[in-house]
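A.B. asks: Only the shape, not the letters, is given here:
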């Protein structure tokens, strides 16, 4: 029943890395674009700061003034425009952020003693307390490069130059279809022979932490035409995930349905455990994964392959290849295939340690409790505690949970 | 103008760690609770698997059967309930997940040759291909412990036991009020002396990646009564963040407003750069932070202090203390205070390297581009490239961006 030789994990990764195209950019309000990748450079619209401003609370006097007594001639509130430079012997009260005259020096409030309308400056006022117009950035300078991901700092930079909407790569739209007549929704009564849907909630949680845009999930029985109908009705996705039916069994109709839908199947199997009967297919810019029905296979296939496709679609850099020190011997054996072993990473003294989790088989949901990484093991590998191993980080975990 | 000695970073952390209480639990649909912490243990409602099921596609025969020819007596589809054990000489076609009779052994499809209504099993059928009822979990076993965070694996476990709603610690509700008459919304025209609001979008992005629930943001001028009014109108928060007005200047009314609102001020200053004029206050279960107006101070105070309060409110474990190898000399100097230096972490060969970013002052937004950590430096510290330093991980970045 085998149809073609299984691809290696690296071959399937390469298929994704070279084939999946970044989605066309869209315009979005900046606050809606957290986590998105910029599709344009962002430039300073003006000098930053836009005017000479005080870096401290204190008193502004004319440049060259010395310590001594001054008459308080007024106050510059933050938000006021700058007045004339104070005449000799006069001081203007200023706050952090107040616009100050160009020829100012400033004494900090901590070095000033106020008595009625006079102030005694105990040390020489300093021009260094003035943040000069353009000292941070000149008008026209490029602040953010196309391809940057919008984190908190980038968001603040966008706001600082008055950007209301920005061109970004949109979040990938993902359609998830679960299949199989043995599956019932997790919140409905079970009947004999059936099992609850765990892959729906699993993928929901994975998409939630992957900066994707999930479309409403649907469930169909195991017939190819049901799957074809469901996908046709929701045809606005960038990525299609089909749970189950990806093996070569009599009732595994995912490949046939994908072909009916016009997808080309690029890979039918990957030589890994879990996750062997993984299907990768494409139709123009749209990609599809047929995920083997077991939950551990789902988890592994998502974190090793699906996330790469999401990253490519979203214009994000590929996740870094990371190694870790194995914190314990493997609690089981590997075989003549690459193994993706559920693990928990911890950081100790600047080094990353991977603790392999107990794991029975690809139906063993308990192996996913507390998982935050997968250890990539070559065929028949048997690394010992203390050796370095390659790990795939699972987005929603390490190093925070 | 100093009011009390500044607290150390560790003292302010301890104030939060010992004072902030976990929010009362609520009941939530499981798919809404991604990232939340369980407020109850979760038990298996039934044996898992709930029935003997096939782990492979193949043929089920009576236990003790050998390789050889069998008549195909029928098929057990996934979702059907299990029939009687096949009589000697008969085989039932099964798929992965099909319920099988208790006294079955199974031959894989790869080891079977089908010819019409007969099948030749080329190797002895194995009982090991039956996943036995309860082999993964027994009914009543505790699967998830109170205090666990709901990631993808925990979500699948919840679904597997038929949990529709679950008791969790809710996401902290955060009210953010920006203050200052010099501030204009980032998407409105600037006039002389004013500056654009960058702290609003900055905090928005930080909350977005912190599993918090932001309430609608508002802006008030610098008067204490304006702040009191805004907070009174949105009094359903767990955490209040006030941007600006936290110094000891004439127009810094945040402390006064917080006291009018019934908050006790627990700390007025922290001996760090950036972030010195940080206010920490509480009113029963509600906490408030007065954040110094500059954006780098905001970023640092959020990632070092505010996130700890959010973690405590949400029942999450405190973030791990992490060290990293300094990848370059500091591009500047430290002073007689703890420094929180913006940095970018990378992973090389299982070790974490921190590259300090160029940084002028706490108004220097450019220091936040690409930042994913802060290096904690003791007063007057001057570590060299290659030394280990303590870092605070900033949630939205490392190791993925």
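C.D. replies: That came through fine. All figures in this text were calculated on a predicted structure; none of them were measured in a lab. Numbering: from 1, shown residues only, chains lettered A, B, ... in the order given.
A.B. asks: Give me the pLDDT value at residue A:222.
C.D. replies: Note on residue A:222: pLDDT of 78.
A.B. asks: same check, this time on the one 10 residues further on
C.D. replies: Note for residue A:232: predicted pLDDT of 96.
A.B. asks: Distance-wise, check it relative to residue A:240.
C.D. replies: 11 Å (Cβ to Cβ, to the nearest Å). Quick note: C-beta positions are derived from backbone N, CA and C, even for glycine.
A.B. asks: cool, and residue A:394?
C.D. replies: Counting by Cβ to Cβ, the gap from residue A:394 to residue A:240 is 22 Å.
A.B. asks: Over to residue A:146?
C.D. replies: On the measure of Cβ to Cβ, residue A:146 and residue A:240 end up 28 Å apart.
A.B. asks: Tell me which of those two has more neighbours.
C.D. replies: residue A:240 (26 against 16; other Cβ atoms under 10 Å in any protein chain shown).
A.B. asks: Assign the more buried one to helix, strand or coil.
C.D. replies: strand (DSSP: H, G, I helix; E, B strand; the rest coil).
A.B. asks: partners of it in the sheet?
C.D. replies: Beta-bridge partners for residue A:240, by DSSP bridges, are residue A:175, residue A:288.
A.B. asks: and it, what pLDDT?
C.D. replies: pLDDT, residue A:240: 98.
A.B. asks: That one contacts residue A:175, correct?
C.D. replies: Yes - shown here, residue A:240 and residue A:175 form a contact pair, counting by Cβ atoms under 8 Å, at 5.1 Å.
A.B. asks: intersection of neighbour lists for those two?
C.D. replies: Both residue A:240 and residue A:175 are in contact with residue A:231, where contact means Cβ atoms under 8 Å, 6 or more residues apart in numbering or on different chains.
A.B. asks: any residue of stretch A:259-269 up close to chain B?
C.D. replies: No - Stretch A:259-269 does not reach chain B (Cβ under 8 Å from any Cβ of the partner chain); its nearest approach is 12.4 Å.
A.B. asks: which ones are touching whichever residue of the stretch 251-400 of chain A sits closest to chain B?
C.D. replies: Residue of the stretch 251-400 of chain A nearest chain B, by Cβ to the nearest Cβ: residue A:368 (2.7 Å). Counting by Cβ under 8 Å, 6+ apart, residue A:368 makes contact with A:202, A:295-296, A:299, A:342, B:152-154, B:156-157.
A.B. asks: again, only using 7 Å
C.D. replies: By Cβ atoms under 7 Å, 6 or more residues apart in numbering or on different chains, residue A:368 lies in contact with A:295-296, A:299, A:342, B:152-153, B:156.
A.B. asks: Could you work out the most separated pair of these?
C.D. replies: Spatially, the most separated pair among those is A:342 and B:156, at 12.3 Å (Cβ to Cβ).
A.B. asks: for the nearest residue to residue A:256 once chain neighbours are set aside, what are its contacts?
C.D. replies: Excluding the flanking residues, the one nearest residue A:256 by Cβ to Cβ, 6 or more residues apart in numbering or on different chains is residue A:224, at 4.7 Å. The contact partners of residue A:224, by Cβ under 7 Å, 6+ apart, come to A:253, A:256-257, A:260.
A.B. asks: Can you turn the buried part of those residues into a ChimeraX selection?
C.D. replies: Typed into ChimeraX, the line below selects the buried ones among those, using 16 or more other Cβ atoms under 10 Å in any protein chain shown:
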select /A:253,256,257
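A.B. asks: Now go through the contacts of residue A:224 and say which are in helices.
C.D. replies: Of those, the ones assigned to helices by DSSP state H are A:256-257, A:260.
A.B. asks: In a markdown table: the residues you listed, plus pLDDT.
C.D. replies: Shown next, in a markdown table, are the ones in helices among the contacts of residue A:224 (pLDDT from 0 to 100):
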| residue | pLDDT |
| --- | --- |
| A:256 | 94 |
| A:257 | 96 |
| A:260 | 97 |
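A.B. asks: Nearest to residue A:82 among the residues you listed?
C.D. replies: In terms of Cβ to Cβ, no member of the ones in helices among the contacts of residue A:224 lies closer to residue A:82 than residue A:257, at 69.4 Å.
A.B. asks: Run through the bridge partners of residue A:75.
C.D. replies: residue A:93.
A.B. asks: hang on, isn't it packed against residue A:93?
C.D. replies: Yes - counting by Cβ atoms under 7 Å, residue A:75 touches residue A:93, with 4.0 Å between them.
A.B. asks: Which one's more surrounded, these two?
C.D. replies: Neighbour count, other Cβ under 10 Å: between residue A:75 and residue A:93, residue A:93 has more, with 22 against 16.
A.B. asks: mind checking pLDDT for that one?
C.D. replies: 94.
A.B. asks: How about the contacts made by it?
C.D. replies: Listed by Cβ under 7 Å, 6+ apart, the contact partners of residue A:93 are A:59, A:72, A:75.
A.B. asks: CSV for the residues you listed, including distance to residue A:347 and pLDDT?
C.D. replies: Supplementary listing: the contacts of residue A:93 in CSV, determined by distance: Cβ to Cβ, whole Å; pLDDT from 0 to 100:
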residue, distance to residue A:347, pLDDT
A:59, 48, 95
A:72, 54, 96
A:75, 51, 93
